[in-house]
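**Q** Got a predicted structure plus its sequence, pasted below:
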Amino acid sequence: MEEIIKIKDIVKNYKIGTVVVNALRSVSLTIHRNEYVAIMGPSGSGKSTMMNIIGCLDTPTSGQYFLNNHDASKMADDNLAEVRNKEIGFVFQTFNLLPRYTAIENVMLPLIYAGVPKHERVERATKALESVDLLDRMTHKPNELSGGQRQRVAVARALVSNPSIILADEPTGNLDTKTSIDIMNLFAEIHSKGNTIVLVTHEEDIARHAHRIIRLRDGHIESDHMNENIVVPSVQLS
């Protein structure tokens, strides 16, 4: 299988005043294309730091990180931003939608940063909204949408650049149980179409949707195993 994420002996230290915090301690990890992986761990385990490095939002203190054959561990900020915009679609707990923009305008944002022409932006954003069953809400602003609809807009925005990886950070943290199930069904649908998904969560019931579960503790990988009890989507989206 083709490697899409390869982390070798990653160390990440933060200095807070005179105290050095060892967030990640010589972590090595490989994720292959079209895997569906959940990264779990308690507060302080290193999972947020791991997410930031995988997402090219931060660089390691030492070690190497290859993202789709790009060595991201030593890139300058401008290069990291370019790789991040091209290779990764982000879905956050708080949706991170611009309140004055409509759904389709929010979805188009990554394409604007990438310099995609307007007619193509509209076409691709419309297709992305269609894939999450939100065409009828494309001109609505975030305050006119439910929490689940807002997260669907965020998922469409993550998909619009055709990224190598969908990186979801606690994507159901602000949603009720029924809406959370709907969003996880959507991720299953996205994965079935060939996307690689990395899900960061502290919720066991959400992690059970992934095919592989990696648990961090005190900056180390505590366990890494295939999920034998995958939650099967209750509804297939069109």
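**A** Cool, the structure landed.
**Q** And Asp205, how close does it get to Gly219?
**A** 25 Å (C-beta to C-beta, to the nearest Å). From N, CA and C alone the C-beta is placed, and that goes for glycine too.
**Q** what about those two, which has more around it?
**A** Taking other C-beta atoms under 10 Å, Asp205 and Gly219 do not tie; Gly219 has more neighbours (22 against 13).
**Q** Please list all residues in contact with that one.
**A** The neighbours of Gly219, taking C-beta atoms under 8 Å, 6 or more residues apart in numbering as the test, are 22-25, 27, 45-46.
**Q** from those, which ones fall inside strands?
**A** Of the positions in the contacts of Gly219, 22-25, 27 sit in strands, assigned by DSSP state E.
**Q** among these, which two are most distant?
**A** Asn22 and Val27 (11.0 Å; C-beta to C-beta).
**Q** which residues are common contacts for the two?
**A** 11, 219.
**Q** ok, the two, which is more surrounded?
**A** Val27 (23 against 15).
**Q** Point out where the protein drops to low pLDDT.
**A** In the predicted model, the chain carries pLDDT under 70 at residues 234-238.
**Q** Just want the most central residue of this protein.
**A** A centroid search over the chain (C-alpha atoms, centre = their mean) returns Leu167, at 1.2 Å, as the residue closest to the centre.
**Q** That residue against Ile53, yeah?
**A** No. In this structure, Leu167 is not within contact of Ile53 by C-beta atoms under 8 Å, at 10.9 Å.
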